[in-house]
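Q: only geometry, no sequence info:
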């Protein structure tokens, strides 16, 4: 099932670079989502993909952040939790051409972060509220992160607001808003039986050993449905359609079933200068 790929391949270089740095931190990580599917079923990255999906446990965040600092020192760009001042489920890494080569297939790594609760692994999407008026709530939530930034990092009327209103007041307002958002909001979680991620096995992917769920086929069925063995390039485009809604891994729950993430305003500022160019100016 697994194909062997030439070590000169651009994808090999990217995956080897990522794997080596994560291994240097003794970080346990595994193939997640579409990358797990493509690795196990096809032995290669889907031609329509530009990123790879990796997963870690929330308790291993210190090791991941140490690796992130190494990536940044190599010229990589980083986006923490869509630009919010906390870490909950996602960190995105963008690779420069000196690592990927010109016209790369892969140039982005998505780190997904799972939390353990009882017999399940939960990934909470704080940045994608669900329910009535969800799109309006999301838009309002994303606007609120702008009040935390110095005026020089944004444009429009908000820059004047941030220039005039003291930082302490803006930070207090965000904390209050975030508490209410956390207490009353809900989202679609990705939930898996914890056994899929506590017991892993190694597969050879682009001539590199990677961890993957030991019960791989059960995991993929849970994650993508019983037809996971049939290639479907339009699967993600059906996000709001019945195909995606029927999978077992998706469940709508309140944000508050898991502990509220710690707000760290310094975190947001630490990495703002390491965002990809098109994200440096926050609209």
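A: That came through, no problem. This is a predicted model, so every value here is computed, not measured.

Q: My read is that residue 51 contacts residue 109, right?
A: Yes. With contact defined as Cβ atoms under 8 Å, residue 51 reaches residue 109; the gap is 6.4 Å. C-beta: built from backbone N, CA, C; applies to glycine.

Q: Looking at these two, which has the bigger crowd around it?
A: residue 109 (22 against 19; other Cβ atoms under 10 Å).

Q: In contact with the more buried one, which residues?
A: The contact partners of residue 109, by Cβ atoms under 8 Å, 6 or more residues apart in numbering, come to 18, 51-52, 54, 92-93, 95.

Q: now do residue 206
A: Neighbours of residue 206 in contact, by Cβ under 8 Å, 6+ apart: 5, 9, 11-12, 15-16, 44.

Q: Could you say which helix or strand holds residue 62?
A: Using DSSP states H and E, residue 62 sits in helix 61-73.

Q: Give me the mean pLDDT for that helix.
A: In this model, helix 61-73 carries a mean pLDDT of 96.

Q: Quick check: next helix or strand after it?
A: Using DSSP H and E, the next helix or strand after helix 61-73 towards the C-terminus is strand 77-80.

Q: Now do the helix or strand just after that next one, average pLDDT.
A: Toward the C-terminal end, the helix or strand that comes next after strand 77-80 (DSSP H and E) is strand 90-94. Mean per-residue pLDDT for strand 90-94: 95.

Q: Repeat that for stretch 159-170.
A: What stretch 159-170 shows for mean pLDDT is 91.

Q: Stretch 133-143 now?
A: Taken as a whole, stretch 133-143 carries a mean pLDDT of 91.

Q: which of the residues in that stretch are buried?
A: 137, 141 (16 or more other Cβ atoms under 10 Å).

Q: and the direction of the longest strand anywhere in the chain versus that of helix 61-73, what angle?
A: Ranked by residue count, the top strand of the chain under DSSP state E comes out as strand 108-117. Going by axes from the mean of the first three to the mean of the last three Cα atoms, to 10 degrees, strand 108-117 is angled at 170 degrees with respect to helix 61-73.

Q: Report the next helix or strand after strand 108-117 in sequence order.
A: Next element after strand 108-117 (DSSP H and E): strand 120-123.

Q: What are the contacting residues of the following helix or strand past that next one?
A: Using DSSP H and E, the helix or strand that follows strand 120-123 in sequence is helix 134-144. Residues outside helix 134-144 that contact it (Cβ under 8 Å, 6+ apart) are 82, 127-129, 174, 177-178, 181, 185.

Q: What of stretch 63-77?
A: 21-22, 24-27, 56, 78, 91, 93-96, 98-99, 111, 271, 274-276.

Q: how far does that stretch sit from the chain's center?
A: 15 Å (Cα atoms, centre = their mean, to the nearest Å).

Q: List the buried residues in that stretch.
A: By neighbour count on 16+ other Cβ under 10 Å, the buried set for stretch 63-77 is 63-64, 67-68, 71-72, 76-77.

Q: so which of these comes closest to residue 220?
A: The closest of those to residue 220 turns out to be residue 64 (Cβ to Cβ; 24.3 Å).

Q: how near is residue 176 to residue 187?
A: 20 Å (Cβ to Cβ, to the nearest Å).

Q: Ignore what I typed, I meant residue 247.
A: Residue 247 is 16 Å from residue 187, where distance means Cβ to Cβ.

Q: So between those two, which is more surrounded?
A: residue 187 (20 against 17).

Q: correct me, but that one touches residue 126?
A: Yes. With contact defined as Cβ under 8 Å, residue 187 counts as touching residue 126 (6.9 Å).

Q: and for these two, which residues touch both?
A: residue 255.

Q: List phi and psi for residue 199.
A: phi -120, psi 110 (degrees, to the nearest 10).

Q: name the element residue 220 belongs to?
A: Using DSSP H and E, residue 220 sits within helix 216-224.

Q: same check, this time on residue 253
A: Here residue 253 is assigned to strand 250-254, by DSSP H and E.

Q: which strands and helices sit next to that strand?
A: strand 186-193 (3 or more Cβ pairs under 8 Å, 6 or more residues apart in numbering; DSSP states H and E).

Q: neighbouring contacts of the helix or strand just after the strand it packs on?
A: With elements assigned by DSSP H and E, the helix or strand that comes after strand 186-193 is helix 195-198. Residues outside helix 195-198 that contact it (Cβ under 8 Å, 6+ apart): 30, 55, 57, 114, 119, 121, 213-215, 218-219, 222.
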